[in-house]
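Trainee: Sequence plus the predicted model coming up.
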Amino acid sequence: MSWIDDDPELGGEPRPYVPSTEPVVIRIQEVAKRFVLRHTRSMKEAFVWLIKGRKGDLSEKFNALDGVDLQIREGERVALLGLNGSGKSTLLKLISGVMHPDGGDIKTRGRIAGLIEVGAGFHPDLTGRDNVYLNGAILGMTKEEIDANFQSIVDFSEIEQFIDTEVKFYSSGMYLRLAFAVAVHTDPEIFLVDEILAVGDEPFQKKCIRKIKELSDRGKTLVVVSHDLDMVAKLCERGVVLERGRVVQDGDIRDAVTRLRG
Amino acid sequence: MTDISERAFQSPGRGRGLVDALKNRYLLRLLVDKDLQVRYRGSVLGILWSYVKPGVQFIVFYIALGVFLELNKGLENYAVYLFSGIILLNFFGEAFGNGARCMVGNGALIKKIYLPRELFSVSTIWVALVHFLPQLLVLLIACFVVGWHPGPMQLAAAVVGMMIMVIFSFGLGLIFGVANVFFRDAENIVDLLVMVATWLSPVMYPWERVAGAVPEWGLHLYLCNPITVAVELFHYAFWAPTTGMEWHVPPNLLTLWVPVAIVLALLFLFVGDLLFKKFEGSFAQEL
């Protein structure tokens, strides 16, 4: 990611990490999440289990998150880091409300936009234009907000000439551009981002990162999950390292990256 | 910028069920539009197909059942009798079937982004209503051709009958939509139920046949089915005024069975909404 260093807006002198004192916007207390490993997919199996006197457990359990405590404050840029299966994506899904915790409590304030998978709400048979409206509304925008931002969204995506083409004919890059453009225009207080910058060409990645920085400068809170350590080191100032569903380190992003590299 | 410290903390993803779905009118409209647009994509006749299909269906019924099978002799205007019931069952099949499938069908979205998921269920009802309209139009044309002269009672009966169907299909759709997330068997049961519903309501035959074949409690049980009540209301509204024959609705239909059907339909809706709120949190991991 040498290009980040070359970019004057993104690079710059390293600043010392100072924990934020702004109001808390995400409060996670003792949160636990269990997953069922083997699913019973038919009523027959469940029925047999019931008439056999519910002996044994119908399925194995796996603790994805196990007593996580975390407070995220307004305007912070936090990276959730960890190896595969450490629970970071699960935590992000719990914050977005897609899943509910099995134990503990999560509270948030302000509007949340989950860029958990860009373009999840896109329908291949609709045009780019229709998808901007549909996806914008799914992400919580009103018609007026989308109307007002439509040109800006199209400009950001740089695919104006294809906006009335059905998105099934789009390349994966075009798809991502449009989806990301919609997502950054939703104007929430809290952004949740999961591994979305892995695609797209370098100029567009740069543009996205600059946009995210800009949102952050406007006081938006950012929570990022990524394996791209170089990128998160530039993007975030705070790093939270998860290991087997527990927070093992929380502080300066550089220390977190060092720990993961080490 | 408003001061965020003054805002209240909320639990993410804890919906208020139906209330949320009704507040998101704009998204609901987009979801309905999307469904209609996608269904007729690439076809020349487009939405006209939903007029052609019931039209042909009616003509076939008229010729095959009314003329060839001579069912016209038992029941005057049999084709109208049959059709006024069948369009309700078509609606039920579509609303209930799609309602049961919509959570699994929108799984990709449900797993990634939080939005009030009951919107998907509400949108299937709207889509079913949009497809119901052309069928109603075909029915009305047929009714006028054979001399329909409805009074206010008939029109009110049609509206009430439709309301019962909408609420009942919505409630059942919610219940089976939730069940389908956990057990994919549910959508097969739905197909079975729609078939059973078609034959266990007076769509093909008059209700007197049931009264003649079963004891009184059997008839009462038969009339507890909200679909039976809705179909009889439609017969009363659309078919009965076109005939000169002596025909009566089932005893106590308006005073007892209609209220019972409304209460039952609302009960299904209430249970569906309750189940939905209870299990919504596990959708993302089960899908």
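Mentor: Arrived safely, thanks for sending.
Trainee: Next one: the residue of the stretch 1-150 of chain A found nearest chain B from B:K111, what distance?
Mentor: Nearest residue of the stretch 1-150 of chain A to chain B, counting by C-beta to the nearest C-beta: A:G97, 2.4 Å away. C-beta: built from backbone N, CA, C; applies to glycine. According to C-beta to C-beta, to the nearest Å, A:G97 stands 12 Å off from B:K111.
Trainee: same check, this time on A:L65
Mentor: Taken as C-beta to C-beta, the span from A:L65 to B:K111 is 17 Å.
Trainee: cool, and A:K220?
Mentor: A:K220 is 25 Å from B:K111, by C-beta to C-beta.
Trainee: how many other residues sit next to the residue of the stretch 1-150 of chain A closest to chain B?
Mentor: 23 (other C-beta atoms under 10 Å in any protein chain shown).
Trainee: Kindly report the residues of the stretch 151-287 of chain B close to chain A.
Mentor: Residues of the stretch 151-287 of chain B lying close to chain A by C-beta under 8 Å from any C-beta of the partner chain are B:183-185, B:281-282, B:284-286.
Trainee: in the helix or strand where B:K34 lies, what's buried?
Mentor: Assessed by DSSP states H and E, B:K34 sits inside helix B:25-39. Under the neighbour-count criterion of 16 or more other C-beta atoms under 10 Å in any protein chain shown, helix B:25-39 has B:26-28, B:30-37, B:39 buried.
Trainee: same question, stretch A:255-262
Mentor: Applying 16+ other C-beta under 10 Å to stretch A:255-262 flags A:256-257, A:260 as buried.
Trainee: Any stretches of chain B with poor pLDDT?
Mentor: B:1-4, B:15, B:246 (pLDDT under 70).
Trainee: Report the closest residue of it relative to chain A.
Mentor: Closest point on chain B to chain A, by C-beta to the nearest C-beta, is B:G13, at 2.4 Å.
Trainee: Contact partners for that residue?
Mentor: Residues in contact with B:G13 (C-beta atoms under 8 Å, 6 or more residues apart in numbering or on different chains) are A:96-100, B:114, B:280-281.
Trainee: Confirm it sits in a helix?
Mentor: No. Applying DSSP: H, G, I helix; E, B strand; the rest coil, one finds B:G13 to be coil, outside a helix.
Trainee: how about it, phi and psi?
Mentor: Per-residue torsions, B:G13: phi 80, psi 10 (degrees, to the nearest 10).
Trainee: how near is it to B:I110?
Mentor: 11 Å.
Trainee: Equivalent analysis for A:R254, please.
Mentor: Taking C-beta to C-beta, one finds A:R254 at 37 Å from B:I110.
Trainee: In terms of neighbours, single out the busier of these two.
Mentor: A count of neighbours by other C-beta under 10 Å puts B:I110 above the other of A:R254 and B:I110, at 23 against 14.
Trainee: residues contacting the more buried one?
Mentor: A:98, B:103, B:117, B:283-284, B:287.
Trainee: switch the cut-off to 6 Å
Mentor: By C-beta atoms under 6 Å, 6 or more residues apart in numbering or on different chains, B:I110 lies in contact with B:117, B:283.
Trainee: Can you give me the domain assignment for chain A?
Mentor: A:1-13+A:23-110+A:189-262, A:121-188 (automatic domain parsing).
Trainee: Check the ones you listed for me: which has the lowest mean pLDDT.
Mentor: Ranked by mean pLDDT, the domains of chain A end with domain A:1-13+A:23-110+A:189-262 at the bottom, a mean of 82.
Trainee: so which strand or helix has the spatially closest residue to B:F9 that is not a sequence neighbour?
Mentor: Once flanking residues are discounted, B:F9 sits nearest to A:K107: 3.7 Å by C-beta to C-beta, 6 or more residues apart in numbering or on different chains. In this structure, A:K107 is located in strand A:103-108 according to DSSP H and E.
Trainee: For whichever helix or strand comes after that strand, output the C-alpha coordinates as CSV.
Mentor: Going down the chain from strand A:103-108, the next helix or strand is strand A:112-115, by DSSP H and E. These are the backbone C-alpha positions of strand A:112-115, laid out as CSV (Å, rounded to 0.1, in the frame of the first residue of the first chain):
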residue,chain,number,x,y,z
ILE,A,112,-26.0,3.3,11.7
ALA,A,113,-25.1,2.4,8.1
GLY,A,114,-23.6,-1.0,7.7
LEU,A,115,-21.4,-1.3,4.7
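Trainee: Strand A:112-115 - contacts with which helices or strands?
Mentor: strand A:190-194 (3 or more C-beta pairs under 6 Å, 6 or more residues apart in numbering or on different chains; DSSP states H and E).
Trainee: Name the residues that touch the strand it packs on?
Mentor: A:25, A:89, A:92, A:96, A:110, A:112-116, A:220-225.
Trainee: Going by contacts, tell me the helices and strands next to the following helix or strand past it.
Mentor: As assigned by DSSP H and E, the chain's next helix or strand after strand A:190-194 is helix A:202-217. Helices and strands touching helix A:202-217, as assessed by 3+ C-beta pairs under 6 Å, 6+ apart, are absent.
Trainee: at 8 Å what do you get?
Mentor: Helix A:202-217 is packed against helix A:2-6, helix A:172-184, strand A:190-194, strand A:221-225, helix A:229-235, with contacts defined by 3 or more C-beta pairs under 8 Å, 6 or more residues apart in numbering or on different chains; DSSP states H and E.
Trainee: Tabulate these in JSON lines, adding columns for mean neighbour count.
Mentor: Converted to JSON lines, the helices and strands packed on helix A:202-217 look like this (neighbours: other C-beta atoms under 10 Å in any protein chain shown):
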{"stretch": "helix A:2-6", "mean neighbour count": "12"}
{"stretch": "helix A:172-184", "mean neighbour count": "22"}
{"stretch": "strand A:190-194", "mean neighbour count": "23"}
{"stretch": "strand A:221-225", "mean neighbour count": "25"}
{"stretch": "helix A:229-235", "mean neighbour count": "19"}
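Trainee: could you dump the ones you listed to TSV with distance to A:D164?
Mentor: Converted to TSV, those look like this (distance: least, C-beta to C-beta, whole Å):
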stretch	distance to A:D164
helix A:2-6	33
helix A:172-184	12
strand A:190-194	29
strand A:221-225	33
helix A:229-235	34
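Trainee: Show me what the strand or helix carrying A:K33 pairs with in its sheet, parallel or antiparallel.
Mentor: According to DSSP H and E, A:K33 maps onto strand A:24-36. Strand A:24-36 sits in its sheet next to strand A:61-73 (antiparallel), strand A:103-108 (antiparallel), going by DSSP bridges.
Trainee: can you list the ones you listed in a markdown table and add distance to A:E144 and mean neighbour count?
Mentor: Shown next, in a markdown table, are the strands paired with strand A:24-36 (distance: least, C-beta to C-beta, whole Å; neighbours: other C-beta atoms under 10 Å in any protein chain shown):
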| stretch | distance to A:E144 | mean neighbour count |
| --- | --- | --- |
| strand A:61-73 | 30 | 18 |
| strand A:103-108 | 25 | 18 |
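Trainee: sorry, back to before: ok, which pair from the contacts of strand A:190-194 is furthest apart?
Mentor: The most widely separated members of these, counting by C-beta to C-beta, are A:S89 and A:G110 (21.6 Å).
Trainee: count of neighbours near the nearest residue to B:P116 once chain neighbours are set aside?
Mentor: Spatial nearest neighbour of B:P116, chain neighbours left out: B:D20 (3.6 Å); criterion: C-beta to C-beta, 6+ apart. For B:D20, the count of nearby residues is 15 (other C-beta under 10 Å).
Trainee: Figure out the helix or strand that B:D20 lives in.
Mentor: Per DSSP H and E: helix B:18-23 holds B:D20.
Trainee: Which elements pack onto that helix?
Mentor: helix B:118-145.
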